[in-house]
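Undergrad: my questions are about this predicted structure, shown below with the sequence.
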Amino acid sequence: MPSDDSPKPRHRQEVLHLRRQRAGFSHFGRRLGLTADLKISVIFSSFNGASRRLQQMLDSMLGQNLPADQWELIAVNNNSEDETQQLLDQYTEKLPMVVVNHARPGKSGAMNAALAIARGALIVFTDDDIEADANWLSSIAECAEVNPDYGVVGGRILPNWEHYPHGDPLLDWIPMGSTFAIADQESSGPCDPTKIWGPNTTVRRELLGSTVRFREDIGPLPGGLFAMGEDTEIVTRLSRNGVKTYRCAEAIVHHWIPASSVTEAWVQKRGERLGYGMPALFAETIPKGVRIGGVPLRTWIESANWAVRAALLYPLPRSKKRFWAIWKYYYMRGYRAGLRRYAPAGNHSGRLVQEVVR
C-alpha cells in the first residue's frame, strides 16, 4: 500500500475544491504541529445533524484526553438542509477537523468519501448523535496497541435517553442492539463480529487499504425503506477473511435515543429495516428451494405464520408475545422485500433467517 506521503491528486484536489473542506485542519493543524502520522482518524457522517445532536457530539470531542496532535476528526456533511455546515465550520477552529461535503444522499457513500482522505493508523467509525467519554480515543489507542492481533475493536455503547421510560415493560422486550445499537457488556475480550455496532467501531487502516469500503447499496438514506447494517456488513466481511474482533469495554460512547423512538410501533417498524438488510448481510442463510414471486416457499410459510399470530394478538392488551408477533410480521415483510432487492436468484442455500436480538 502506498505511504501517506505518496501523491493522491484526485483526493487532494477534491479536498481543496469542496467548500472550506480543509480550513479547519490547516488552521488548527499549524497551531498544533500535526504530522502525517496520526494514531486515529474519527469518521462520521451527518444529515441535518445541527437540528439534532451534532453540537453535543462535537463538544464531547473537545473533551478528549488523547493529545490533539495524535488524531483527526473527519466530518462529512451529507447533503444537509439545515445549519450543519455552519456548525461544522465553527468547530474547525477548535478541533483537528476536516469537513467534507458529500452531496449524494446516503451514509455509506459519505463514509467512503471520508475514508479516501483518512490518515490515522486506526479508523474509528461513529455517529453524529453520540457523546464520547473523555478517555474514549485514548482507550481505543491503548486497546489496539496491547492487542495487536485484533484488527477490529468495538467499544461500549450506552443509551443516552431523552426521556427514560420508567416502568414501561417495553424496555424488557426491545432488542437493544439491533434497535438502538446498544452494546453495554462490561468486560473486554474477543467478541462476536456481529456485536460490534456502528457508533463505536475501530478498524486498522492497513486492513481497509484502498479497496475495502462500505457497500453503498445498504445503510441509511433519507426517506423510505433502507437496509440497516452497513457497519455489520463491513466488519463481518473482514471477519470472514480472518480478521479477529475485540471488545474494549473502556472505550465508551453514549448513543442518543429520542423519546419518539421508544414506542412499540417505532421499534416494530424498525424490524422491517432490519429484515430488509438481512439478505444482503447474510446471503448464506437464505432458504433454498422453490420460489414464488421471488421469495422462497419456506419464507412465505414463515411469513404467513407470523402474520396470523400478529393478527390474532393485535386486538389484545400489551404483552411481550404480542410485541414480538407484530415485530416479526414487520421483519418478515422487510425480509421478503430484501430478497427481491439483494438476492433475486434462486440458487442460495442455508437455513431460515433468525431475528437479531440483544
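TA: Arrived safely.

Undergrad: all helices for the stretch 1-150 of the chain, in order.
TA: Remark: helices assigned in the stretch 1-150 of the chain by DSSP state H, counting those that start in this stretch are 9-17, 23-32, 54-62, 84-91, 107-115, 136-146.

Undergrad: domain map for this structure?
TA: The chain breaks down by automatic domain parsing into domains covering 9-261, 264-342.

Undergrad: which residue comes closest to the residue sitting nearest the centre point of the chain once chain neighbours are left out?
TA: When CA atoms, centre = their mean is applied to the chain, the residue found nearest the centroid is Gly198 (2.7 Å). Spatial nearest neighbour of Gly198, chain neighbours left out: Asp231 (3.4 Å); criterion: CB to CB, 6 or more residues apart in numbering. C-beta here means a position set from N, CA and C on the backbone, and glycine is covered the same way.

Undergrad: am I right that the one you found is in a helix?
TA: Yes: assessed with DSSP: H, G, I helix; E, B strand; the rest coil, Asp231 lies in a helix.

Undergrad: now the helices: where do they sit in the stretch 251-358 of the chain?
TA: For the stretch 251-358 of the chain, the helices defined by DSSP H, counting those that start in this stretch cover 264-281, 297-313, 320-342.

Undergrad: dump those helices to CSV, plus mean pLDDT.
TA: Below are the helices of the stretch 251-358 of the chain laid out as CSV (pLDDT from 0 to 100):
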stretch, mean pLDDT
helix 264-281, 96
helix 297-313, 98
helix 320-342, 98
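
Undergrad: out of the ones you listed, flag the one nearest Lys39.
TA: helix 264-281 (30.2 Å; CB to CB).

Undergrad: just the angle between the closest one and helix 320-342, please?
TA: 40 degrees (axes from the mean of the first three to the mean of the last three CA atoms, to 10 degrees).

Undergrad: off-centre distance for helix 264-281?
TA: Here helix 264-281 is found 15 Å from its chain centre; the criterion is CA atoms, centre = their mean, to the nearest Å.

Undergrad: surely Lys320 and Ile174 touch.
TA: No: the pair Lys320 / Ile174 is not scored as a contact, 10.4 Å apart, by CB atoms under 8 Å.

Undergrad: worst average pLDDT in the domains of the chain?
TA: Mean pLDDT is lowest for domain 9-261 out of these, coming in at a mean of 90.

Undergrad: where is the longest strand in the chain?
TA: Counting by DSSP state E, the longest strand found in the chain is strand 245-257.

Undergrad: tell me what that one is packed against?
TA: Contact analysis of strand 245-257 by 3 or more CB pairs under 8 Å, 6 or more residues apart in numbering; DSSP states H and E lists strand 130-132, helix 136-146, strand 152-161, strand 189-190 as its packing neighbours.

Undergrad: what lies in contact with the second one?
TA: Residues outside helix 136-146 that contact it (CB atoms under 8 Å, 6 or more residues apart in numbering): 39-40, 42, 64-66, 70-71, 122, 124, 133, 150, 153, 155, 188, 202, 204, 246, 248, 250-253.

Undergrad: I'd like to know the beta-bridge partner residues of Gly120.
TA: Beta-bridge pairing of Gly120 under DSSP bridges involves Leu38.

Undergrad: burial count for the residue lying closest to Pro296 once chain neighbours are set aside?
TA: Distances taken as CB to CB, 6+ apart place Pro287 nearest to Pro296, at 4.1 Å, with adjacent residues excluded. For Pro287, the count of nearby residues is 21 (other CB atoms under 10 Å).

Undergrad: swap in Ala103?
TA: Ala103 has 11 neighbours, counted by other CB under 10 Å.

Undergrad: residue contacts, it?
TA: For Ala103, the contact set (CB under 8 Å, 6+ apart) comprises Asn79.

Undergrad: ok, now how distant is it from Asn79?
TA: Ala103 sits 5 Å away from Asn79, going by CB to CB, to the nearest Å.
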